[in-house]
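Participant: here are the coordinates; sequence isn't available:
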């Protein structure tokens with residue numbers, strides 16, 4: 001089946017705005033996947049973690065045992081420690097993972113919030129256009145069985161983000177253990193030689209932080225633990241107190257901050273425990289040897305940086321710096337890759353590994369040369385992130401430039417100040433202008449590509465979707 005989006009004419013149009021190193025690699029091929037895993041079509045499990053802060057993993061230097069299983073995948077495989085998400089919230093960032101396009105190209109940038117209520121009604125919301133070829137459609141075209149399990153409405157069927165998955169379920173009430181149960185049941189329906197792509201997105205670490213009591217006990221730093229019968233009320237009280245102070249721009253006392261972070265860390269540990277069943281499930285279904293596990297986050301989480309919590313709005317590093325892990329399929333163990341990579345690179349990497357043709361116009365670059373080859377020969381990439389069409393940012397190895405909604409620009413040294421508190425534009429004007437030029441190239445590329453993508457459809461929100469958005473904090 002021919003791919004339907006952004007045909008070859010796009011490259012002539014983009015010739016004047018092409019960013020060096022940001023297109024897909026021509027050197028990597030499915031043959032590299034064969035050399036590593038002895039088959040041309042490996043199975044792929046793509047796990048996307050919602051609201052998952054990379055710096056809260058021990059493998060990233062965190063001093064609490066939050067994610068032993070995910071750390072074991074990272075140390076037993078490849079960890080990209082400078083991976084960037086394309087956006088600071090779920091809908092556009094997941095769309096970028098599944099399409100290889102930046103947000104203002106696929107255009108799923110409209111956030112449904114209280115400001116979108118017009119005359120008592122919500123304005124229609126954009127959904128992914130049918131003409132965009134998703135990763136699932138790309139792999140399905142070369143013989144893959146495809147399935148998805150999603151428990152965040154922003155990344156699921158309603159917004160057309162499960163387009164191309166033959167077996168897709170979006171359920172607000174399905175937790176990570178249930179997703180894995182469904183994965184195992186689905187794999188058993190396939191023939192033993194049928195390659196598959198299984199995508200799961202879990203929001204189990206998303207606000208509200210309400211972990212099981214046993215995990216709270218492991219991460220509670222207070223002198224005395226709350227008794228079990230009061231725990232749910234305690235979680236609600238912590239959230240209410242923190243959100244009220246942040247909203248009123250009042251200081252949040254250290255003790256209350258610890259309580260907030262303790263609940264989040266407990267959520268991470270609970271999620272990690274649930275995911276740790278995956279290798280055994282692959283063993284039970286006889287699929288482990290031929291399966292690549294890829295773990296990424298749609299975005300991170302902010303803990304009082306810039307006086308804020310949660311995510312969204314500002315694409316700062318605590319939110320767009322995400323884990324990216326490749327494990328299994330003879331991926332070199334213990335490989336830690338430092339060059340900058342992006343969430344848009346996942347699509348062409350997996351397509352190439354599967355022997356599928358990457359659609360013209362996909363903005364990412366295959367990372368197979370980094371996984372199986374020589375990182376020194378890989379082109380240096382820049383990462384572009386945005387919030388709607390309001391705030392844009394671009395980063396290279398250690399520097400990041402923000403273009404703020406009011407037109408201001410700021411430059412930040414991520415090595416000296418990883419959470420960007422200090423603007424060094426005046427001290428480093430040459431580097432500031434270099435990154436500003438790169439940012440302009442990204443914006444020009446988005447403008448050119450957007451003209452070639454069919455305008456997305458819109459859909460009226462249903463009462464069920466509105467209630468789910470409210471539970472996630474998008475609506476009051």
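Facilitator: Noted; the coordinates are in hand. Nothing here was measured: the structure is a model prediction, and the numbers come from that model.
Participant: report the distance from stretch 347-358 to the chain centre.
Facilitator: 18 Å (C-alpha atoms, centre = their mean, to the nearest Å).
Participant: can you give me the end-to-end distance of that stretch?
Facilitator: The first and final residues of stretch 347-358 sit 8 Å from each other (C-alpha to C-alpha, to the nearest Å).
Participant: likewise for stretch 308-318?
Facilitator: Its first and final residues considered, stretch 308-318 spans 11 Å by C-alpha to C-alpha.
Participant: let me know the average pLDDT across that stretch.
Facilitator: Averaging pLDDT along stretch 308-318 yields 87.
Participant: which residues touch it?
Facilitator: The contact list for stretch 308-318 (C-beta atoms under 8 Å, 6 or more residues apart in numbering) reads 51, 53, 55, 85, 87-89, 111, 207, 242-243, 246, 260, 299-303, 305-306, 319, 385-387, 391-393, 395, 400, 402, 414, 418-420, 473. All C-beta spots, glycine's among them, are computed from the backbone N, C-alpha and C.
Participant: list the buried ones in it?
Facilitator: For stretch 308-318, burial by neighbour count (16 or more other C-beta atoms under 10 Å) applies to 308-318.
Participant: off-centre distance for it?
Facilitator: Centroid displacement of stretch 308-318 relative to its chain, using C-alpha atoms, centre = their mean, is 14 Å.
Participant: rewinding a little: so which of the contacts of stretch 308-318 belong to strands?
Facilitator: Counted as lying in strands by DSSP state E, out of the contacts of stretch 308-318, are 302-303, 385-387, 391-393, 395, 400, 402.
Participant: for these, which one is nearest residue 369?
Facilitator: Among the ones in strands among the contacts of stretch 308-318, residue 395 lies closest to residue 369 (C-beta to C-beta), at 20.8 Å.
Participant: what's across from the closest one in the sheet?
Facilitator: Beta-bridge pairing of residue 395 under DSSP bridges involves residue 383, residue 400.
Participant: please apply the same query to residue 197.
Facilitator: Partner residues in beta bridges with residue 197, using DSSP bridges, are residue 44, residue 146.
Participant: surely it touches residue 46?
Facilitator: Yes - if you go by C-beta atoms under 8 Å, residue 197 and residue 46 touch, sitting 6.8 Å apart.
Participant: overlap in contacts, these two.
Facilitator: Jointly contacting residue 197 and residue 46 under the rule C-beta under 8 Å, 6+ apart are 135, 350.
Participant: just to revisit the earlier point, which of the ones in strands among the contacts of stretch 308-318 tops the neighbour count?
Facilitator: residue 385 (32 neighbours; other C-beta atoms under 10 Å).
Participant: now do the contacts for that one.
Facilitator: Shown in contact with residue 385 (C-beta under 8 Å, 6+ apart): 84-88, 315, 320, 392-395.
Participant: quick check, nearest of those residues to residue 436?
Facilitator: Distance to residue 436 across the contacts of residue 385 (C-beta to C-beta) is lowest for residue 394, with 8.5 Å.
Participant: excluding chain neighbours, give the residue nearest to the most centrally placed residue in the chain in space.
Facilitator: When C-alpha atoms, centre = their mean is applied to the chain, the residue found nearest the centroid is residue 298 (2.0 Å). Spatial nearest neighbour of residue 298, chain neighbours left out: residue 93 (4.2 Å); criterion: C-beta to C-beta, 6 or more residues apart in numbering.
Participant: the one you found should be in a helix, yeah?
Facilitator: Yes - counting by DSSP: H, G, I helix; E, B strand; the rest coil, residue 93 falls inside a helix.
Participant: wait, doesn't it sit right on residue 83?
Facilitator: No - in this structure, residue 93 is not within contact of residue 83 by C-beta under 8 Å, at 11.9 Å.
Participant: who has more neighbours, these two?
Facilitator: Higher neighbour count among residue 93 and residue 83: residue 93, with 30 against 24, using other C-beta under 10 Å.
Participant: list the contacts for that one?
Facilitator: Applying C-beta under 8 Å, 6+ apart to residue 93 gives the contacts 85-87, 103, 298-299, 343.
Participant: give me the distance between it and residue 354.
Facilitator: According to C-beta to C-beta, to the nearest Å, residue 93 stands 23 Å off from residue 354.
Participant: can you get me the start-to-end distance on stretch 419-426?
Facilitator: OK, stretch 419-426 end separation, C-alpha to C-alpha: 19 Å.
Participant: distance check, residue 130 against residue 454.
Facilitator: 8 Å.
Participant: what's the closest of the contacts of residue 93 to residue 42?
Facilitator: Nearest to residue 42 among the contacts of residue 93: residue 343, at 20.5 Å, using C-beta to C-beta.
Participant: run a quick neighbour tally on that closest one.
Facilitator: Using other C-beta under 10 Å, residue 343 is surrounded by 29 other residues.
Participant: need the contact list for it.
Facilitator: Here residue 343 is in contact with 83-86, 93, 96-97, 296, 298, 322, 324 (criterion: C-beta under 8 Å, 6+ apart).
Participant: tell me which of these is nearest to residue 380?
Facilitator: residue 84 (13.6 Å).
Participant: who does that closest one form a beta bridge with?
Facilitator: Residue 84 has these beta-bridge partners by DSSP bridges: residue 321, residue 342.
Participant: can I assume it is in contact with residue 340?
Facilitator: Yes - with contact defined as C-beta under 8 Å, residue 84 reaches residue 340; the gap is 6.8 Å.
Participant: list residues touching both of these two?
Facilitator: When C-beta under 8 Å, 6+ apart defines a contact, the residues bordering residue 84 and residue 340 alike are 383, 395.
Participant: that older thread, and the residue nearest to the centre of the chain, what does it touch?
Facilitator: 48-52, 85, 89-90, 93-94, 97, 155, 201, 322, 343.
Participant: if you set the cut-off to 10 Å instead, what comes out?
Facilitator: By C-beta atoms under 10 Å, 6 or more residues apart in numbering, the contact set of residue 298 is 48-52, 85-97, 152, 154-155, 201, 203, 206, 311, 322, 343.
Participant: repeat that for residue 436.
Facilitator: Taking C-beta under 10 Å, 6+ apart, one finds 394, 401, 403, 409, 411, 425 in contact with residue 436.
Participant: skipping adjacent residues, who's closest to residue 423 in space?
Facilitator: Using C-beta to C-beta, 6+ apart, the closest residue to residue 423 is residue 410 (4.2 Å).
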